[in-house]
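In: Structure for this input, please:
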Amino acid sequence: MRTSARNQFEGEVVNVEHGAVNDEITLRTKDGLDIVAVITHGSAKSLGLTQGKPAFGLVKASSVIVMVDVSSNQVSARNCIAGTVTAVTKGAVNAEVTIAGASGAQIAAIITNESVDRLGLATGKAATAIFKASSVIVGVDQ
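Out: Residues are numbered from 1 along each chain as shown. Purely as a prediction, here's the structure:
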């Protein structure tokens, strides 16, 4: 699979909660990270998403919010991955920040340089990558 999404999570479906319009899919990666996605019921059905099915989740780096000094119970987003900043690459306006979660998963975020400075983000600093379940695109190999 090749895609422009910086954050690619391969694993298998461990839970499907069906709803009238949307389904909540929990994908567990090979390194034990759980990613929660909310997709339409029709999409879940057409992809054949059931427990145990191999699947992947994609999240654009621009959909990831970075916070410091926060715990997952303080935000409404379902996906909160605490870790350590492994890289900060500044551009003219924005920066790419990479966070390694405790499981080893790497999450890339695109945030403003101003936010990098305000949060004091630097290699080795603790930070949390946050993204909403509705920002996760779920796919399967055919």
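
In: where does the protein dip in pLDDT?
Out: By pLDDT under 70, the chain has no low-scoring segment.

In: Helices of that one, start to end?
Out: Secondary structure of the chain (DSSP state H): helices at 41-47, 113-119.

In: Which parts of the last one count as buried, going by neighbours?
Out: The reference is to helix 113-119. By neighbour count on 16 or more other C-beta atoms under 10 Å, the buried set for helix 113-119 is 115-116, 119. Where you see a C-beta, it was placed from the backbone N, CA and C, and this is true even at glycine.

In: before we move on, the earlier item: so which of the helices of the chain is nearest residue 83?
Out: helix 113-119 (14.1 Å; C-beta to C-beta).

In: From the rest of the structure, what touches that closest one?
Out: 66-68, 88, 90-91, 93-95, 97, 121, 127 (C-beta atoms under 8 Å, 6 or more residues apart in numbering).

In: Please, where are all the strands along the protein?
Out: 7-17, 22-29, 34-40, 54-59, 65-67, 79-90, 94-101, 106-112, 126-131, 137-139 (DSSP state E).

In: Which strands and helices lie in contact with the third one?
Out: If you count contacts as 3 or more C-beta pairs under 8 Å, 6 or more residues apart in numbering; DSSP states H and E, strand 34-40 packs onto strand 7-17, strand 22-29, strand 137-139.

In: With respect to burial, which of these scores highest?
Out: Mean neighbour count, computed with mean count of other C-beta atoms under 10 Å, is highest for strand 22-29 among the helices and strands packed on strand 34-40, reaching a mean of 20.

In: Would you give the sheet partners of it, along with the direction of each?
Out: Using DSSP bridges, strand 22-29 pairs in its sheet with strand 7-17 (antiparallel), strand 34-40 (antiparallel).

In: Contact partners for residue 122?
Out: 85, 88.
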